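Enquirer: Here's my sequence, what's the structure:
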Amino acid sequence: MADIIIAFPKLDDAKNLRKLLIRNGYDVNMVCSSGAQVIDGVNRLDGGIVISGYRFSDMYYREINEYLPKGFQMLLLATPGKLAECDVRSLVSLAMPFKMQDLLNTLGMMMAQHNRWNKRHKGRPGVRSENDRRAIAAAKGLLMERNKMTEDEAHKYIQKLSMDSSTNMVETAEMILELNGKEWDR
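Expert: I've put the predicted structure just below:
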């Protein structure tokens with residue numbers, strides 16, 4: 001589940017909203033009354049949703065939204081008059097006063113979107129270690145030598161084999177080397 005930060009200029013309003021969300025099964029990580037607190041909070045978390053009011057003593061919602069790192073979304077709660085003035089293309093907004101069910105539905109939609117984003121970006125491969133690169137290069141070299149493949153063909157072959165066997169490229173390269181009796185430095 002995504003981390004939730006509630007930010008309103010009046011701390012009591014934020015605490016009341018937190019109670020309502022907790023009663024409806026959401027975990028609220030942080031309650032803030034200034035933009036600086038929100039920015040500090042989002043920099044300590046990996047991603048989530050910021051439920052925000054329109055204006056704080058130190059900044060407007062727009063500035064907070066610009067500072068949000070990737071993986072965070074903003075839900076702006078404001079009066080219809082304020083929302084008419086806002087550029088709400090990069091965030092989700094809900095006019096106040098709102099029905100609790102509208103807030104829960106909006107939050108549920110944002111949670112689902114966050115979870116989809118998280119799944120897509122969580123499994124991204126990182127930088128390969130030197131040993132991993134050597135194993136892949138050795139397997140490519142073996143395929144190029146024995147099967148008269150180009151480097152590109154050998155790379156594509158290892159990629160396809162790894163996808164077909166549901167393993168990563170390093171494991172597949174190691175398997176190719178082991179099956180052919182080749183040793184490599186780990």
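
Enquirer: So residue 167 versus residue 161, what's the distance?
Expert: 8 Å (C-beta to C-beta, to the nearest Å). No exception for glycine: its C-beta is placed from N, CA and C like everyone else's.

Enquirer: cool, residue 58 as well?
Expert: Taking C-beta to C-beta, one finds residue 58 at 56 Å from residue 161.

Enquirer: do the same with residue 121
Expert: 26 Å.

Enquirer: Name the residue in those two with the higher neighbour count.
Expert: A count of neighbours by other C-beta atoms under 10 Å puts residue 161 above the other of residue 121 and residue 161, at 16 against 11.

Enquirer: Give the full set of residues in contact with the more buried one.
Expert: By C-beta atoms under 8 Å, 6 or more residues apart in numbering, the contact set of residue 161 is 172, 176.

Enquirer: residues of the strand or helix carrying it that come out buried?
Expert: Counting by DSSP states H and E, the element that carries residue 161 is helix 151-164. Applying a neighbour-count criterion of 16 or more other C-beta atoms under 10 Å, the buried positions in helix 151-164 are 154, 155, 157, 158, 161, 162.

Enquirer: where in the protein is pLDDT low?
Expert: Along the chain, the model assigns pLDDT under 70 to residues 122-126, 183-186.

Enquirer: Have a look at it and report its longest helix.
Expert: helix 100-122 (DSSP state H).

Enquirer: mind listing what's buried in that helix?
Expert: 103, 106, 107, 110, 111, 114.

Enquirer: Kindly indicate which of those lies nearest residue 132.
Expert: residue 114 (31.0 Å; C-beta to C-beta).

Enquirer: Give me the sheet partners of the top strand by length along the chain and which way each runs.
Expert: Determined from DSSP state E, the single longest strand within the chain is strand 72-78. Strand 72-78 has the following sheet partners, assigned by DSSP bridges: strand 48-52 (parallel), strand 92-95 (parallel).

Enquirer: Mind putting these into JSON lines with distance to residue 64?
Expert: Shown next, in JSON lines, are these (distance: least, C-beta to C-beta, whole Å):
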{"stretch": "strand 48-52", "distance to residue 64": "6"}
{"stretch": "strand 92-95", "distance to residue 64": "14"}
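
Enquirer: so of these, which one's packed in deepest?
Expert: Comparing those by mean neighbour count (mean count of other C-beta atoms under 10 Å), strand 48-52 comes out on top with a mean of 25.

Enquirer: Need the contact partners of that one.
Expert: With C-beta under 8 Å, 6+ apart as the test, strand 48-52 has contacts from 2-8, 17, 29, 38, 42, 61, 64-65, 68, 71-77, 107, 110-111, 114.

Enquirer: If anything else comes up later, I'll come back, but that's it for now.
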